[in-house]
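Trainee: coords please:
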Amino acid sequence: MCEVFDQAELKYSLDGETGVIRLPLRLKNVEINLACWADSDGLATLTIRLPVMAPAESRAGVGEFLHRLNYVGRRKFWEMDYDDGEVRMVANIDTFGSPLQREVFSAVAHALVEIADQSFPYLNAVITRCMKPDFAADQAIAALRTPDSDEPETGDPEAEEDP
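Mentor: Residues are numbered from 1 along each chain as shown. The predicted structure is shown next:
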């Protein structure tokens with residue numbers, strides 16, 4: 001995990017006692033805190049804490065929004081603590097049988113960060129009750145499926161040109 005962050009020249013902290021790596025990130029739409037660790041049971045865990053807490057009156061809507069995102073997602077990352085309104089993303093990678101591969105860790109971390117950044121404005125709209133959960137989820141899903149204009153296009157550009 002540290003090697004991936006070192007290679008990307010990201011500044012992180014490593015708690016020597018717990019083995020938890022913490023990485024604050026300022027993204028386009030939100031500032032997040034990524035934490036990751038591995039345990040002796042063959043599980044690597046990544047969590048993203050978002051800088052919001054859903055107030056009691058918004059938790060049902062936020063829960064619906066997160067459920068809708070999880071339902072259509074290939075992986076289920078979103079969760080909320082109904083007691084205090086904390087919203088976070090969690091991904092687990094099984095590592096029993098082989099060590100954690102850099103490429104796998106990097107891909108999962110990148111996916112979490114991208115989904116958090118693209119979804120946050122819609123999550124915030126549900127928290128503040130400016131959008132209904134179903135509409136916000138539809139908008140978030142559309143944003144996730146639309147390539148970011150700041151990112152380079154993938155694929156072979158010559159294949160898209162007319163002969």
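
Trainee: and the helices in the protein, which stretches?
Mentor: For the chain, the helices defined by DSSP state H occupy 2-7, 59-72, 102-127, 133-145, 157-160.

Trainee: dump these to CSV, plus mean neighbour count.
Mentor: Heads up, the C-betas are built off the backbone N, CA and C, glycines and all. CSV is the format used below for the helices of the chain (neighbours: other C-beta atoms under 10 Å):
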stretch, mean neighbour count
helix 2-7, 13
helix 59-72, 18
helix 102-127, 19
helix 133-145, 17
helix 157-160, 7
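
Trainee: let me know the pLDDT of Arg75.
Mentor: For Arg75, the model assigns a pLDDT of 84.

Trainee: Leu46 and Ala91, how far apart?
Mentor: For Leu46, the distance to Ala91 (C-beta to C-beta, to the nearest Å) stands at 5 Å.

Trainee: of these two, who's got more company?
Mentor: More crowded of Leu46 and Ala91, by other C-beta atoms under 10 Å: Leu46, with 23 against 19.

Trainee: now for the more buried one: which residues touch it?
Mentor: Leu34, Ala35, Cys36, Val90, Ala91, Asn92, Ile93, Phe105, Val108, Ala109, Leu112 (C-beta atoms under 8 Å, 6 or more residues apart in numbering).
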